[in-house]
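Peer 1: Using only what follows, build the 3D model:
(chains A and B, ligands or ions: 2)
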Amino acid sequence: MSTISTHLRTFKEPNKEQITQLFFSVPPSLTARCEKDGLEKMEINAVLSMSAEAEEDSYAGKLHLIPPFLCFASLDRKSCRFTLPLCTIRRVERLNARAGIYALSLSLWHGMKIVVQLTSLRPTADLFCASLRDSLKAELQHGQMKAVRSFVKTCYSETLVASEAQAGEEEQEEKVAPEGTDNVETPYHGGLGLRFKFPGDPKKLREASKVKLWKTYLRTHGRNLTLLRYPQCTRLVQVGLPNRLRGEMWEVLSGSLYLRFSNPGVYEEILKENEGRTSTSTEDIEKDLHRSLPEYSAYQSEEGISALRRVLQAYSFKNPELGYCQAMNILVAALLIYMSEEQAFWLLEVVCDRLLPGYYSTSMHGTLLDQRVFESLVQKCLPIIHDHFQEVDVQLSVASLPWFLSLFINSMPMVFACRIIDCFFCMGPKVLFQVGLAILKINGEELLKIQDDGGFIQLMRSYFSSLGQSAHPHSPDPRARAITRFQELLLVSFREFSIITDDTIYSERKKFRNEIVFSIESFSKRAAIRNLKTLERFTKEQAGLIYDALYRAMCIIPPPAEVARPAPTLISDGNEEKPETRIGLRTFRVFLSEIATWARDEKIIINGFQQRVDREVAEHEFIDRLFYFWDVHCKGALSFQDLVSGLDGVMFNDLMENIEWFFNLHDKNKDGYLTKDEVLTLSESLLFIFRFEIGDAYLGAVSRFMTNAFEYGDALLPQPEGQGDSDEPPPTPGIASNQPYLNLATFRMVVLADEILESFFETDLSASFKLEPVPMMELPSSGNGFLGDLISNIATDDNKKLFNRFTDQIGRTIGKHQVIHRPAIGRFTKLEEPKARESLLTPSMRPSTSTSSLSPTDRAQSPGASTSNLSLSSDARSTTETLVQGSEMSPISIMKTANEALMERPQFAIDDALDDDTDDELGGEDDGVMDEVDAFLEAHDSGLTDEQKEVAKDLLNAKPVK
Amino acid sequence: MAESGSGAADKSVQVKLVLLGEAAVGKSSIVLRFVSNEFQANKEPTIGAAFLTQKCRLEDRVLRYEIWDTAGQERFHSLAPMYYRNAQAAVVVYDVTKASSLEKAKSWVKELQRQANPNIVIALAGNKVDLVQPSPSASGSGSAVESEDEADDATATPGENAAAAEQPESLRQVPRDEAEAYAKEAGLLFFETSAKTGEGVVEIFTEIAKKIPIEHILASSRGTGRPGAAGRSGGAQEGGVNLEENAAKGKDACNC
Ligand SMILES: Nc1nc2c(ncn2[C@@H]2O[C@H](COP(=O)(O)OP(=O)(O)OP(=O)(O)O)[C@@H](O)[C@H]2O)c(=O)[nH]1
Ligand SMILES: [Mg+2]
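Peer 2: Ligands and ions are numbered 1, 2, ... in the order given. Reported below is the predicted structural model:
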């Protein structure tokens, strides 16, 4: 019933390079290909300028060459950035500029020209240019340049920018079909919304003016593959993407576009290859198809349902380990309103892989981890609320878990959830935390009154249902009244919680990961033990020890990945099998070596420096035999239950039972007789068990056993007919070596004839299976300190081995190297060094230094964000306010009222007004959007002095070097 | 939070109840039927858990159920303890047309009995019995509910409905006797229900109410009434902070 998973153990924190790639949404699968081709990654300081038409400032930042991409981020990492596939760069020219200035001009596919001034030292710049050239050449050879032309046609932005007049655009709308088939009439990919309408009132959403703003932006700043993200881009995203452009912008902002671009046809292939295949996932998907945004008309039709089915199934086939998790249906249903199946498929991949890692996995560890991180952020940023929750024992996640898991889609009205998703794809997972904190902050006053989980949920529910209402219904200023609670939410999220950065999330996740892994593991351990059909004669604690040994073995040799199991036939017989973890022979050997003393080769090594025990897993036919003996269901693999029952079959035996057990183990065809061959195998098994015993006693016993076995065996053979003189044994026993020969009674007699064997079967055999606490597997150190990282790097298994080999070498040289095999039974201990045995028995005395002993470094400084509290965040607010006032673009009065209102919010928190139509009171629609856009105006710092700006501007007019 | 409160309020006892069971067996539908006497053919899967409340009158007293409706998919299992902690009652649901769902129910019962509040009252509910009963309007066209039936058929295991129309009992995979015997042995209340027709749904909650050791709860609870709700409904007109609950509580009690 239970599955046991060790994948949490294999997690590695991303390194700096990976974090950079994550930031630029560069798919690892693509960079891996270029790495194989030997293309260099490189980064360099640079100043980015754009041609005058775009009216953008120049920005200082870093240019990264991550083949097959060229990426840029301004110093503040948010004002300005791009991720350009190299194949969209049509031309690179070195500019002829003032002495000491090294600048490149890049012409991009969509006709824009950008200038990057490389501000690092000359040799670095030269090297960068050389690497860039190599990578561009490689792309050309790959034929990627050609692919761009046909690919961009699948993007709506092309049609949008091409359409001249507003009227032309309207016309076009009629022709468009939702699916991105290769049909000539449907040049671009689009979602179900094109046919079934988009949620929300387009007028209220101010679609037309948003589209106009985007059209201008996309024309001058590139689009789809070449989009350059300047501050205006982010702000336009923050006021909500227009419905028709939404799907494409999601894939551009999240980077899933690059996957679709470089994997043409893969989605269709996956579907074709797996046609008709069923699995647990496909079953689960079927259950939920009609339960995904059922109120949306497309999902009341076969068209919508089958699109949803195909995307979810395709993903479950692509990633069978994850399969399907409830909540994905809701997410994909939302995506498909705005994008084609293929687009949604790749976006889902990016979400599961990169944006919400581990959220939908079978252990949902990512979800649990981020809930823990969220709780810790609440503690830091909103300590009063956190303390109150502690006091009345309210769990934050009862409300917040679904927010994160389904990206607010089933928590708040669709139109609002989509706007949060816009920001999520644009700015990354930190958005979820920022919005979550803002929700709590805005409702702070009310939250302090709740007394239990239920009250919390209800408060949140009524807040979400009021998001469309005015945040300041009583304000005399109509423009302030027009600010909805949802707008207020976003403002608070991005202003007051801008202190939550990607780095905050990374370091918080790192801090809590082990705690989460530990709690998941102990939960599944408890569940596995509870789900045993029978504990047999073991106590729960003993079963726990067996589980630990199994778990450890699985960490060392993971069982083959569980392939999506075929679904049971449609009409299940009621005994339908649950997925269950089973281990193969190789893992079993490791497992057994943890428990049975003879199943491991233990060497006590003394080399003058240290005394240690090297343990190796033994391999022998006897162990394999045991494996198949315990595989009572003939599955070729053992479950936890099989192991428990198997061990039960031997660990509680008395003398007679043990003899019988050992006999049966070797009686392959279970006919109650051993053949002669089997008698020999049995003797070999005994020799194997006794291989490290000290002295000759056991060897003698086995040899006596063999003599006796054949003597008695022959004597008891039915006498061939016609042979009268019975005293003489027949010269050749009248029986082949594979025929029934020795029965249990005879075997017992032979065993009991020998004192040593008798004592072996009486106690030693059972006692050779020992359930002892296995040393805890070391989790990767979560210490933040430099020292912690360093030590955890050094103290790897490999390095320990290296060290051991080194000391052995020295030991040998100085003649102190000594190896003693540890006996499995150890009844005769004369030659043994007692001290060594001592150290074997107590795991805590083992020489391996556990990194957990370094835990003091865990206490090292927590990251800077930890100092944040309410007072700090209100400081942040006032700074942004002054900045807003400083810029002349925004209507100061509105911002002031808005801010004042924010300060005094509690006054408005209890509010029953439902004035939906305030929008109409506004003048021009454009103004409305622009006001909102301006509200998101954030300080962006070009990082340049005036003089440098001048230089950057000059470069735009510079001529290329010949 | 000691309360002197009015007599009416004292009789309202808060009971935390959790619903558990395999995905799509109808947990949310049962709650919806109990709370608002409705049925929705296509209920979205529960993510994490949903929370609802409903009063239940029982002779001289009123119980206020705080219902936690959890997600059924296996991988949400590890979240369940968050919801069943401190629960005084649990309804473990299975689907009478799906044998495996009873197995899952049994494992939930086992888990509750070991890990949850030791005094927890557990009820076992075999849902969707409407699918295995001959329709009350006999054969032919039950015109009144036709549209609803159609919508529902789309979700219920496809391909089996045709058979269901002729021989409803053939859809049944869990015999009543078997489940009932198990419930008896494990000390559970037992019901067969249909969220669609409403059959047996209210009974679950009233029977649980009878079995709940109310005095025990009263003694240990930190107070009745719902301050959170009070703050909103009662406090709105007064503006500002309202930590006094008495007024709201009276109101709460009247609502039932
Ligand atoms: N015929 C019939 N269908 C039902 C009944 N109860 C629920 N259903 C249907 O079964 C499906 C699943 O119902 P839900 O209530 O969402 O199931 P759930 O147990 O809450 O599912 P999760 O939230 O995924 O765990 C829905 O399509 C319901 O319409 C019933 O009594 N009879
Ligand atoms: Mg549900």
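Peer 1: Show me the shaky parts of the chain.
Peer 2: If you meant another chain, say so; for now it's chain A. A:1-3, A:52-54, A:164-186, A:561-579, A:608, A:717-735, A:774-800, A:814-817, A:827-941, A:961-962 (pLDDT under 70).
Peer 1: sorry, should have said chain B
Peer 2: B:1-11, B:135-169, B:216-256.
Peer 1: residues contacting the closest residue to ligand 2 within the stretch 101-250 of chain A?
Peer 2: Of all residues in the stretch 101-250 of chain A, the one sitting closest to ligand 2 is A:P199 (22.9 Å; C-beta to the ion). Where C-beta positions appear, they are placed from N, C-alpha and C, glycine not excepted. When contacts are counted by C-beta atoms under 8 Å, 6 or more residues apart in numbering or on different chains, A:P199 touches A:G193, A:Y296, A:I337, A:M414, A:V415, A:C418.
Peer 1: So it: helix, strand or coil?
Peer 2: coil (DSSP: H, G, I helix; E, B strand; the rest coil).
Peer 1: for A:I605, same thing?
Peer 2: strand.
Peer 1: Report how many residues lie close to it.
Peer 2: By the criterion of other C-beta atoms under 10 Å in any protein chain shown, A:I605 has 19 neighbours.
Peer 1: can you check the one 10 residues further on too?
Peer 2: Counted with other C-beta under 10 Å, the neighbours of A:R615 add up to 15.
Peer 1: Likewise for the one 5 residues further on?
Peer 2: Applying other C-beta under 10 Å, we find 17 other residues in the vicinity of A:H620.
Peer 1: and if you look at the one 4 residues further on?
Peer 2: Residues within reach of A:D624, counting by other C-beta under 10 Å, total 13.
Peer 1: Please report the distance of the residue lying closest to it once chain neighbours are set aside from A:I439.
Peer 2: Leaving aside its chain neighbours, A:D624 sits nearest to A:L585 (6.2 Å; criterion: C-beta to C-beta, 6 or more residues apart in numbering or on different chains). Going from A:L585 to A:I439 by C-beta to C-beta, to the nearest Å gives 53 Å.
Peer 1: The two: which is more packed in?
Peer 2: A count of neighbours by other C-beta under 10 Å puts A:I439 above the other of A:L585 and A:I439, at 23 against 16.
Peer 1: does the longest helix belonging to chain A come close to chain B?
Peer 2: If you go by DSSP state H, chain A has its longest helix at helix A:502-530. Yes: contact of helix A:502-530 with chain B (C-beta under 8 Å from any C-beta of the partner chain) involves A:I520, A:F523, A:S524, A:R526, A:A527, A:R530.
Peer 1: what's the spacing between that helix and its chain's center?
Peer 2: The chain centroid and the centroid of helix A:502-530 are separated by 12 Å under C-alpha atoms, centre = their mean, to the nearest Å.
Peer 1: packing partners for it?
Peer 2: helix A:16-23, helix A:365-381, helix A:430-442, helix A:540-556, helix B:99-115 (3 or more C-beta pairs under 8 Å, 6 or more residues apart in numbering or on different chains; DSSP states H and E).
Peer 1: Export those to CSV and append columns for distance to B:V25.
Peer 2: Listed next are the helices and strands packed on helix A:502-530 as CSV, based on distance: least, C-beta to C-beta, whole Å:
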stretch, distance to B:V25
helix A:16-23, 40
helix A:365-381, 23
helix A:430-442, 31
helix A:540-556, 29
helix B:99-115, 5
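Peer 1: To ligand 2, which of those helices lies closest?
Peer 2: Nearest to ligand 2, of the helices and strands packed on helix A:502-530 and by C-beta to the ion, is helix B:99-115 at 13.4 Å.
Peer 1: buried residues in the closest one?
Peer 2: B:99-109, B:111-113, B:115 (16 or more other C-beta atoms under 10 Å in any protein chain shown).
Peer 1: what angle sits between the helix or strand just after it and helix B:99-115?
Peer 2: Using DSSP states H and E, the helix or strand that follows helix B:99-115 in sequence is strand B:121-127. Relative orientation of strand B:121-127 and helix B:99-115, computed by axes from the mean of the first three to the mean of the last three C-alpha atoms, to 10 degrees: 170 degrees.
Peer 1: what lines up beside strand B:121-127 in the sheet?
Peer 2: strand B:89-95 (parallel), strand B:189-192 (parallel) (DSSP bridges).
Peer 1: Tell me the residues of the stretch 51-200 of chain B that contact chain A?
Peer 2: Residues of the stretch 51-200 of chain B lying near chain A (C-beta under 8 Å from any C-beta): B:51, B:53, B:66, B:71-79, B:81-83, B:98-100, B:103, B:107, B:110-111, B:114-115, B:154-155, B:158-160, B:173-174.
Peer 1: Where strands are concerned, which of those residues count?
Peer 2: B:F51, B:T53, B:E66 (DSSP state E).
Peer 1: Would you format those as a markdown table with distance to ligand 1 and neighbour count included?
Peer 2: Compiled in a markdown table, those are given as follows (distance: C-beta to the nearest ligand atom, whole Å; neighbours: other C-beta atoms under 10 Å in any protein chain shown):
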| residue | distance to ligand 1 | neighbour count |
| --- | --- | --- |
| B:F51 | 13 | 21 |
| B:T53 | 17 | 17 |
| B:E66 | 17 | 23 |
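Peer 1: Put together a markdown table for the residues you listed, with distance to A:F538 on each row.
Peer 2: As requested, those are exported to a markdown table (distance: C-beta to C-beta, whole Å):
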| residue | distance to A:F538 |
| --- | --- |
| B:F51 | 40 |
| B:T53 | 44 |
| B:E66 | 39 |
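Peer 1: so who does A:D452 touch?
Peer 2: With C-beta under 8 Å, 6+ apart, A:D452 has these contacts: A:V392, A:D393, A:V394, B:E66, B:G228.
Peer 1: go with 6 Å
Peer 2: With C-beta atoms under 6 Å, 6 or more residues apart in numbering or on different chains as the criterion, no residue contacts A:D452.
Peer 1: The residue nearest to A:H386 when sequence neighbours are not counted: neighbouring residues, count only.
Peer 2: Spatial nearest neighbour of A:H386, excluding adjacent residues (C-beta to C-beta, 6+ apart): A:Q379 at 4.3 Å. Residues lying near A:Q379 (other C-beta under 10 Å) number 16.
Peer 1: Can you show me the helices along the stretch 201-350 of chain A?
Peer 2: Taking DSSP state H, counting those that start in this stretch to define them, one finds helices in the stretch 201-350 of chain A at A:207-221, A:231-238, A:243-254, A:256-262, A:266-273, A:280-289, A:302-318, A:328-338, A:341-350.
Peer 1: Give me the angle between the first one and helix A:231-238.
Peer 2: Same thing as helix A:207-221. Counting by the same axes, to 10 degrees, helix A:207-221 lies at 150 degrees to helix A:231-238.
Peer 1: Return the distance of helix A:207-221 from the chain's centre.
Peer 2: Centroid displacement of helix A:207-221 relative to its chain, using C-alpha atoms, centre = their mean, is 36 Å.
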